[in-house]
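# coordinates for the following, if possible.
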Amino acid sequence: QLYRVERQARDGIPEKGEPQADCIRRFRQQHSIPVLNALKGWLDDMAPKVLPDSKLGDAVSYTRNQWDYLTRYTEDGRMPIDNNLLERDIRVFATGRKCWLF
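Numbering: from 1, shown residues only. All right, here's what the predicted structure looks like:
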C-alpha cells in the first residue's frame, strides 16, 4: 500500500509555484503516515505476544528498533521510499569482490 501511495505522489501535479518535492512530502504526510501509524500499532500489539527468538519476533523487534529510519522518507519529498537503486548499482562490486581475490 505504501508503494501505491508513493506512485500516486510521484504522479501528482504540484500546485502553482510549489516544488515537486513539497508536493510529494505533502502527499506522503496525508496518505503514508496513517498507514505507517497502523503498522506501528500492530507491531506494538504483537511485540509482547511473540517469542523474541522466533523469526517473527526478530522481524517485529528489528522493525520497531529501526522505526525512525523507516519513516524518515515521509519528512522529505526528495528522499526515495527505499534504496533499491543504490543496492542494484553496488551489487556488481559486492558479488565480484570475492571473485577478484582469485
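# gap between residue 2 and residue 98?
Look at residue 2 and residue 98: by C-beta to C-beta, to the nearest Å, they are 34 Å apart. All C-beta atoms are positioned from the backbone trio N, CA, C, and that covers glycine.
# below-threshold pLDDT in this structure: ranges please.
Scanning the chain for pLDDT under 70 picks out 102.
# show me which of residue 2 and residue 98 is the more surrounded one.
With neighbours defined as other C-beta atoms under 10 Å, residue 2 and residue 98 compare such that residue 2 has more, 17 against 8.
# is it true that that one touches residue 82?
No. Assessed by C-beta atoms under 8 Å, residue 2 is found out of contact with residue 82, at 9.6 Å.
# in stretch 42-60, which residues are buried?
For stretch 42-60, a neighbour-count test (16 or more other C-beta atoms under 10 Å) marks residue 60 as buried.
# show me how far it is from its chain's centre.
19 Å (C-alpha atoms, centre = their mean, to the nearest Å).
# C-alpha coordinates for it, CSV please?
C-alpha atoms of stretch 42-60 as CSV (Å, rounded to 0.1, in the frame of the first residue of the first chain):
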residue,chain,number,x,y,z
TRP,A,42,0.2,-3.6,15.0
LEU,A,43,3.9,-4.0,15.8
ASP,A,44,3.4,-2.7,19.3
ASP,A,45,0.5,-5.1,19.9
MET,A,46,2.4,-8.1,18.5
ALA,A,47,5.7,-7.4,20.4
PRO,A,48,4.6,-8.9,23.8
LYS,A,49,2.7,-11.7,22.1
VAL,A,50,5.5,-13.3,20.0
LEU,A,51,8.6,-15.1,21.2
PRO,A,52,11.6,-12.8,21.0
ASP,A,53,13.8,-15.6,19.5
SER,A,54,11.4,-16.6,16.8
LYS,A,55,11.6,-15.3,13.2
LEU,A,56,8.5,-13.1,13.7
GLY,A,57,9.9,-11.8,17.0
ASP,A,58,13.1,-10.9,15.3
ALA,A,59,11.3,-9.1,12.5
VAL,A,60,9.0,-7.2,14.9
